[in-house]
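**Student:** Let's see this in three dimensions:
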Amino acid sequence: MTVTAAILPPVVPETTIEGIGKRLKRARALRAWTQLELSQRSGVSQATISLLEREARGGDLLLDTVWRLAWALGTSIDMLAGLPDLRG
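**Tutor:** Have a look, this model is predicted:
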């Protein structure tokens, strides 16, 4: 009798994971800031913020940009990126 290994489907991340754009927009809206206000506070252009919120940009996103946005919003890069809180 021949034993064959079971072929498991690849692990695929949840498709419902919220993108950075939605998290950014929600964080900005919670502060009742416009894109222009966030731009002025973070030093990131309003055009870039708009692109991010529409999720029309992301693959070439610089860590410096995310850091500036997180700092201005008083939150963490982890929150904007949607990373889980792994602290014990």
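**Student:** Now stretch 18-30: buried residues?
**Tutor:** 20-21, 23-25, 27-28 (16 or more other C-beta atoms under 10 Å). Where you see a C-beta, it was placed from the backbone N, CA and C, and this is true even at glycine.
**Student:** and if you look at stretch 48-55?
**Tutor:** In stretch 48-55, counting by 16+ other C-beta under 10 Å, buried: 48-49, 52-53.
**Student:** again with stretch 32-49
**Tutor:** 33, 35, 38-39, 41-42, 44, 48-49.
**Student:** Tell me which of those fall in helices.
**Tutor:** 35, 38-39, 41-42, 48-49 (DSSP state H).
**Student:** Find me whatever residue is spatially closest to the spatially most central residue of the chain, sequence neighbours aside.
**Tutor:** The chain has Ile20 as the residue nearest its centroid, 2.1 Å off, counting by C-alpha atoms, centre = their mean. Leaving aside its sequence neighbours, Ile20 sits nearest to Leu80 (C-beta to C-beta, 6 or more residues apart in numbering; 5.6 Å).
**Student:** Next, work out how far apart that neighbour and Asp64 are.
**Tutor:** 13 Å (C-beta to C-beta, to the nearest Å).
**Student:** what about those two, which has more around it?
**Tutor:** Leu80 (19 against 10; other C-beta atoms under 10 Å).
**Student:** just checking, the more buried one touches Leu69?
**Tutor:** Yes. If you go by C-beta atoms under 8 Å, Leu80 and Leu69 touch, sitting 6.5 Å apart.
**Student:** Name the residues contacting each of those two.
**Tutor:** Shared contacts of Leu80 and Leu69 (C-beta atoms under 8 Å, 6 or more residues apart in numbering): Leu24.
**Student:** Using PDB, write down the CA coordinates of the lowest-mean-pLDDT helix or strand in the chain.
**Tutor:** One helix or strand of the chain scores below all others by mean pLDDT, DSSP states H and E: helix 77-81, with a mean of 87. Written as PDB, here are the backbone C-alpha positions of helix 77-81 (Å, rounded to 0.1, in the frame of the first residue of the first chain):
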ATOM      1  CA  ILE A  77       2.700  52.600  12.700                       C
ATOM      2  CA  ASP A  78       1.400  49.200  13.700                       C
ATOM      3  CA  MET A  79      -2.200  50.500  14.000                       C
ATOM      4  CA  LEU A  80      -2.000  52.200  10.600                       C
ATOM      5  CA  ALA A  81      -0.600  49.000   9.100                       C
END
